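Visitor: Predicted model and sequence below, questions to follow.
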2 protein chains.
Amino acid sequence: MAERPTMKDVARAAGVSLMTVSRVVAGEAGVAPQTAARVEEAIRTLGYQRNDIARNLRRKAQDSRTIGLVVDDLANPFFSALARSVEDEAYRRGFLVLVGSTNDDPRRERDVVSAFCARQVDGLVLVPTGGNRAFFRAQMARGVKVVCVDRPAAGLPVDCVAVDNRAGAGTAVRHLLVHGHRRIAYLGDRQEIWTQRERFAGYEEALAAAGLAVDTALVRHGLRGHQEAAAAIGELMASSAPPTALFSGNDLVTLGAVEAGASRRFALVGFDDFLLADKLNPPVSVVSQDPAALGRTAAQLLFGRIDGDDAAPRSVVLETRFVDRGSGGKVGEMAEAAKVVEVAGTGKVAEVAELAGTGEAGE
Amino acid sequence: MAERPTMKDVARAAGVSLMTVSRVVAGEAGVAPQTAARVEEAIRTLGYQRNDIARNLRRKAQDSRTIGLVVDDLANPFFSALARSVEDEAYRRGFLVLVGSTNDDPRRERDVVSAFCARQVDGLVLVPTGGNRAFFRAQMARGVKVVCVDRPAAGLPVDCVAVDNRAGAGTAVRHLLVHGHRRIAYLGDRQEIWTQRERFAGYEEALAAAGLAVDTALVRHGLRGHQEAAAAIGELMASSAPPTALFSGNDLVTLGAVEAGASRRFALVGFDDFLLADKLNPPVSVVSQDPAALGRTAAQLLFGRIDGDDAAPRSVVLETRFVDRGSGGKVGEMAEAAKVVEVAGTGKVAEVAELAGTGEAGE
DNA sequence: TGGCTGATTGTGAACGTTCACAGCGCACCG
DNA sequence: CGGTGCGCTGTGAACGTTCACAATCAGCCA
């Protein structure tokens, strides 16, 4: 409850001037050892700790050594892994991290980013919503560095780290085509989200390359969260002309599919790997990306910018990896859940799981 | 790159004094509409945004409207769910959140907390490591409010929100005992972590109440992460006198157990629920706690303290819920993986999953 | 002895904002 | 018509720190 002691208090206690205390606290040279000892003694007695807010206000190098991290949803395992790696990079450099979730709501994004900038963050790692961008330009003009991750921000000339979603989706869909599927459903999140558009485009292109048209009855956009996804998949399964295979546009949709039991009736390939995907029955094949690598790369890029790199904006494309765990099975093979379980029981599951295990080296 | 404009610039542009600009920006009454309009015009032209750091330095109410959130590992789904709910509470109140992971390393905890306090956070939501505490007392003396979550901090007189780990563990172990198990292994994380000590104590007490002694050959502490857990479980499975059942001390150990295939050979009950636990083969029974509720409660408590509540420290104990998904099966029933799979194939899995589904209402 | 050097310490202003208070003009009222 | 009060605006100081520079002192060499 006591007022926090200031340098002034320390200076008085040690019988020196403010500036001397400042020098001792900052660890600058040029203070007599004896004096420094007296100051340190006073600091200990009073329990003094420097006020870094006041410090940053005054310092010549106007940097707050703080960055902002803005993600869609911190509770989503994909983003939390990303967040952790950003935080690690920041910690290594002595930076602090302000964090905020947008819920993919442009208004909340604006609120959060605005508050961060008012706190003088040196930069932002941003998973942008689909919203308005003019506002970011203003912040950047004021010197706030921005790096996008997972998705680019339309019309913002900034660095961006993402995977080749289109190619990854293409690989997944071709995998299903190779296994003989012709009725392949697509289920994804909002089309406002760039990754979803790209993945859907990859789906379309792969179908087109195989001479197939997109059957809109097999396409669902805008699924937020696994519950909505599970419901949509339920409908699809109950329809008179169900698909034989499913490509899901993100981890939550894949989870919804698994919850709805889709993987026991259809072939299933999902975008994004997830914990225990290889332990399910059947194990789920996925297009895997490495969220920690995304975060790390974005943070490194951002710190480069903060350190003065003012080259033209860069786009870094990380690899996706197709992890075949067997759920892309041939047409007919998936017709009955019982049959799949039987296959799993014969040991095929173990074999596939092992394959996936080697593929997943590192984390 | 341009210098950020300040109030002074706005004042000059609008032909008014600093104070008038301050009033307009703060939305205070008592400025003539005409003047306010001129100021707002200047603000828009210059792209001015208030510097909240300077503002907080000067304001009478010395609050930074920022809290710190310190968790073990932000990438862990349990903590990321907790973090998200803390952030939501903060957002609702217009507070920002600084976030940091400790890796359960007291040194990093100290670094992070110290840096947060130097930034004048108003309070901390803390998942404490087992480390030294003297240092927190100093911060609290300076007015930083602290609320512990998930675990109390030994010797720190602060609010704490956690579940009754001991009782939850007892329920789990009794469940196994009821199913006839007598050789029940315990695998957990470091004993330095309070939750692990409590859960192990619950395990011991439940065994003792059944007249059983703890067999140290069936106990492993200190497992960090799922890989270590999987390895330890592998050893246990290969031993000459394996257990018939396993109680795991946290989610990562449970994951390790699943990865090692333990749930196909032993009965298994884990502490902490996890995504897809009900879709595994067999589905895994767990002692479930609600990380979002923990975070929300902790944040509410913290904001109460910040708002001036100075009652004696409170301890809030939230409920655990035992979710029976069938993996506590009777002795002998789990002897062979093949048999389990067969059972699953007959549809029993679906039945159990449905049961679990109802139990998991609300996220 | 005088002045120069280097080490140590102190002084005043400044960072961008808000607080406390004072000043101005105008209308209103007795 | 003078006082009072109110609405609006400005002034100077302050928050806790660092910057730029000045001051002091001892030692040392010529």
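Guide: All right, it came through fine.

Visitor: all strands of the stretch 51-200 of chain A, in order?
Guide: Assigned strands in the stretch 51-200 of chain A, in chain order: A:66-71, A:96-101, A:123-126, A:145-149, A:159-163, A:184-187 (criterion: DSSP state E, counting those that start in this stretch).

Visitor: what do you get for the stretch 201-350 of chain A?
Guide: Ranges of strands within the stretch 201-350 of chain A are A:219-220, A:245-248, A:267-271, A:285-288, A:315-318, A:321-323, based on DSSP E, counting those that start in this stretch.

Visitor: So what's the model's average confidence on the last one?
Guide: Spelled out, that is strand A:321-323. Looking at strand A:321-323 alone, the average pLDDT works out to 97.

Visitor: could you say what helices and strands that strand packs with?
Guide: With contacts defined as 3 or more Cβ pairs under 8 Å, 6 or more residues apart in numbering or on different chains; DSSP states H and E, strand A:321-323 has these neighbours: helix A:165-178, strand A:285-288, helix A:349-359. For every residue, glycine as well, the C-beta is placed using N, CA and C.

Visitor: tell me, which of the ones you listed is the model least confident about?
Guide: Comparing the helices and strands packed on strand A:321-323 by mean pLDDT, the weakest confidence falls on helix A:349-359, with a mean of 28.

Visitor: and A:Pro242, what does it touch?
Guide: When contacts are counted by Cβ atoms under 8 Å, 6 or more residues apart in numbering or on different chains, A:Pro242 touches A:183, A:236, A:266.

Visitor: Let me know the pLDDT of it.
Guide: At A:Pro242 the predicted local confidence, pLDDT, stands at 93.

Visitor: next one: A:Val163
Guide: With respect to pLDDT, A:Val163 scores 98.

Visitor: what's the spacing between A:Arg65 and B:Gln49?
Guide: Using Cβ to Cβ, to the nearest Å, one obtains 20 Å as the distance from A:Arg65 to B:Gln49.

Visitor: now swap in A:Gly261 and tell me
Guide: 51 Å.

Visitor: middle-most residue in chain A, spatially?
Guide: Note on chain A: the residue nearest the mean C-alpha position is A:Phe79, at 3.6 Å, using Cα atoms, centre = their mean.

Visitor: ok, that one touching A:Val70?
Guide: No - no contact is recorded between A:Phe79 and A:Val70 when judged using Cβ atoms under 8 Å, the distance being 10.1 Å.

Visitor: Return the residues of chain A in contact with DNA strand C.
Guide: Within chain A, the positions near DNA strand C by Cβ under 7 Å from any atom of the strand are A:16-20, A:23, A:29-32, A:34-36, A:54, A:57-58.

Visitor: Which among these count as buried?
Guide: With neighbours counted by 16 or more other Cβ atoms under 10 Å in any protein chain shown, the residues of chain A next to DNA strand C contain buried members at A:16, A:20, A:23, A:31, A:35-36, A:54, A:57.

Visitor: which of the residues you listed lies closest to B:Ala141?
Guide: Of all those, B:Ala141 sits closest to A:Ala54, with 19.7 Å by Cβ to Cβ.

Visitor: Roughly how far does the nearest residue to the closest one once chain neighbours are set aside sit from A:Ala201?
Guide: With Cβ to Cβ, 6 or more residues apart in numbering or on different chains as the criterion, A:Ala54 has its nearest non-adjacent residue at 5.5 Å, and that residue is B:Leu57. Counting by Cβ to Cβ, the gap from B:Leu57 to A:Ala201 is 50 Å.

Visitor: So which of the contacts of A:Pro242 sit within helices?
Guide: A:Leu236 (DSSP state H).
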